[in-house]
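> Sequence first, then the predicted structure:
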Amino acid sequence: MPCLFFLLVLLLFTAFQGPTSFRVIQISSFANSTWAHNQGSGWLDDLQIQGWNSDSGTAIFLKPWSKGNISDEEVAELEELFQVYFFLFTQEIQGYASEFQLEYPFQIQGIAGCELHAGGSIVSFLRGALGGLDFLSFENDTCVPAPEGGIRSRIFCALIMQYKIAIYIVKKLLVEICPRYLLSVLYSGKAELQRQVKPEAWLSSGPSPGPGRLLLVCHVSGFYPKPVWVRWMLGEQEQPGIQHSDLLPNADWTWYLRATLDVAAGEAAGLSCRVKHSSLEGQDIILHWGHPISIGFIFLAIIVPSLILLVCLALWYKRRW
C-alpha cells in the first residue's frame, strides 16, 4: 500500500507546477561561550509550513496538512530527536569554539531536505555555512569541506566523520523519512498547493529618474502559483531595460512583483504592461499607459459628480423660491 501511495503521488505531481522540495533550515546564534539560540523552520520551496518553539522544544505546524502522513508518535520522536540534537550541537560548538578560532559573536546556518526531480526521483541534501559562507556539505555519507571554509572546514569534517551513529541517523532522516514526508505533504495539501489565484495589476509612476523622464511602474499582486510573466510592451514588441523586483510573499501565500521602465516623457504614450499567469488561462492582463485612460478617469471622478451637485443645487433653489 505505501508503494502504491507513493506511485500515485508521483503521477499526480509529475505535471504539477508547484512546490517540489522540502527543507529544514537551522540558524544558530552564539553570543558568547555561555549563551546560544537555535531557530528551526520547515519549508516547501518558498512557503513556510513549520516552525520550531525553542522554549518548549516542539514543532509548530502552520497548516492543517503540514504533518502529511507522519503520525503523532513519529512527530513526538522527531521532536525529542531535535531537542537532543540542538542541545549537543550547542555544547559541541561552544566546546570547540576556541580550538577552531571562532570569534564571538558568530552564526551557523544549516539546510537539509529532499527534492522531487522530473521523472519521480528524489534527491536529498545537507549543507552548512558559517557566517553566511559555505562551510561543508554531505555527499554519499561523506562530509565534504567547502573551499570557503579553509582548514577549519577540513578539520571539522574529519571530526564529524567520527560520529558514526549521528551520521546513520542523518542518513535515515534524509533518505527515508524526508522523501516519504515530502510526497505525503504534497498529497495532503494538494487542494491549496494546486490552487490558481488570478493576479491584480495596476500602474503608477515612480520617482523621476531625471529631467524629462518617467519611471513607469506595473504592480502585480495576489497571484498563485509563483511563476509569472510581466513585461512593458509597445504593441507586440517587448521593451528593453525592464527592471523586475524580487518576488515578495503576501500574508495569504500569494505573491507580489513590480516591473519598472525608465522612458523619456514623450515616449510613454502607447506603452502597456502585459501580465501572463497560469490562472488567466491565456487571457492576458493588458494595462495601457496614456492620455485616454487619464481623461476618462478625470471625467468620471470630477465632471460627473460636479454635474450631479449642480442639479441638486438647482432643485434646491427651485423648491426654495
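Ah, there it is. Just so it is clear, the model here is predicted, and its values are computed rather than measured.

> Would you indicate which residues of stretch 149-163 are buried?
149, 152-153, 156-157, 160 (16 or more other C-beta atoms under 10 Å). Yep, even glycine has a C-beta here, placed from its N, CA and C like the rest.

> So which residue is dead centre in the protein?
Asp46 (2.5 Å; C-alpha atoms, centre = their mean).

> who touches it in this structure?
226, 249 (C-beta atoms under 8 Å, 6 or more residues apart in numbering).

> Where does the nearest residue in space to Gly132 that is not next to it in sequence sit, in terms of helix or strand?
Distances taken as C-beta to C-beta, 6 or more residues apart in numbering put Gln109 closest to Gly132, at 7.0 Å, once the chain neighbours are dropped. Using DSSP states H and E, Gln109 maps to strand 106-116.

> List the contacts of that strand.
10, 13, 20-30, 93, 122-132, 135, 170, 173-174, 178-179, 182-183, 186.

> For the next helix or strand after it, which strands pair with it and how are they oriented?
Per DSSP H and E, the first helix or strand lying C-terminal to strand 106-116 is strand 122-130. Partners of strand 122-130 in the sheet, by DSSP bridges, are strand 106-116 (antiparallel), strand 133-139 (antiparallel).

> would you turn the ones you listed into a markdown table with mean pLDDT and distance to Asp284?
Shown next, in a markdown table, are the strands paired with strand 122-130 (pLDDT from 0 to 100; distance: least, C-beta to C-beta, whole Å):
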| stretch | mean pLDDT | distance to Asp284 |
| --- | --- | --- |
| strand 106-116 | 96 | 30 |
| strand 133-139 | 95 | 41 |
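
> I'd like these laid out as TSV, including mean neighbour count and distance to Val84.
As requested, the strands paired with strand 122-130 are exported to TSV (neighbours: other C-beta atoms under 10 Å; distance: least, C-beta to C-beta, whole Å):
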stretch	mean neighbour count	distance to Val84
strand 106-116	19	16
strand 133-139	17	19
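
> re the thing from before, quick one: which of the buried residues of stretch 149-163 is nearest to Trp65?
Ile160 (34.5 Å; C-beta to C-beta).

> who's in contact with Arg258?
Residues near Arg258 by C-beta under 8 Å, 6+ apart: 217-220, 244-245.

> pretty sure it is in a strand, no?
Yes - the assignment for Arg258 by DSSP: H, G, I helix; E, B strand; the rest coil puts it in a strand.

> residue ranges for the strands of the stretch 151-300 of the chain, please.
Remark: strands assigned in the stretch 151-300 of the chain by DSSP state E, counting those that start in this stretch are 200-205, 213-223, 229-234, 237-238, 243-244, 248-249, 255-264, 271-276, 285-288.

> can I assume Val75 is in contact with Lys67?
Yes - the pair Val75 / Lys67 is scored as a contact, 6.7 Å apart, by C-beta atoms under 8 Å.

> Compare these two and say which is more crowded by neighbours.
Lys67 (19 against 14; other C-beta atoms under 10 Å).

> For the more buried one, which non-adjacent residue is spatially closest?
In space, Lys67 is closest to Phe61, 5.8 Å off (C-beta to C-beta, 6+ apart).

> again, but for Cys178
Cys114 (4.0 Å).

> How about that neighbour: which residues does it bridge to?
Here Cys114, judged by DSSP bridges, has bridge partners Phe22, Ser124.

> residues contacting the closest residue to Ser137 other than its chain neighbours?
Among residues not flanking Ser137 along the chain, Arg127 sits closest, at 4.5 Å (C-beta to C-beta, 6+ apart). If a contact means C-beta under 8 Å, 6+ apart, then Arg127 has 110-112, 134, 136-138 as its contacts.

> Any figure for the gap between Arg127 and Leu182?
Taking C-beta to C-beta, to the nearest Å as the measure, Arg127 falls 17 Å from Leu182.

> Val228 too?
25 Å.

> Those two: who's more crowded?
Set Val228 next to Leu182 and count neighbours by other C-beta under 10 Å: Leu182 wins out with 25 against 21.

> so where is the chain shaky, pLDDT-wise?
1-18, 291-321 (pLDDT under 70).

> how about the helices of it, start to end?
2-13, 72-96, 150-160, 164-172, 178-188, 190-193, 291-298, 304-320 (DSSP state H).

> count of residues packed around Ala76?
12.

> now Lys198
Neighbour tally, Lys198, other C-beta under 10 Å: 17.

> Quick check, it in contact with Tyr224.
No - at 9.2 Å, Lys198 does not count as touching Tyr224 under the criterion of C-beta under 8 Å.

> Now for the two: what residues contact both?
With contacts defined as C-beta under 8 Å, 6+ apart, the residues shared by Lys198 and Tyr224 are Ser279.
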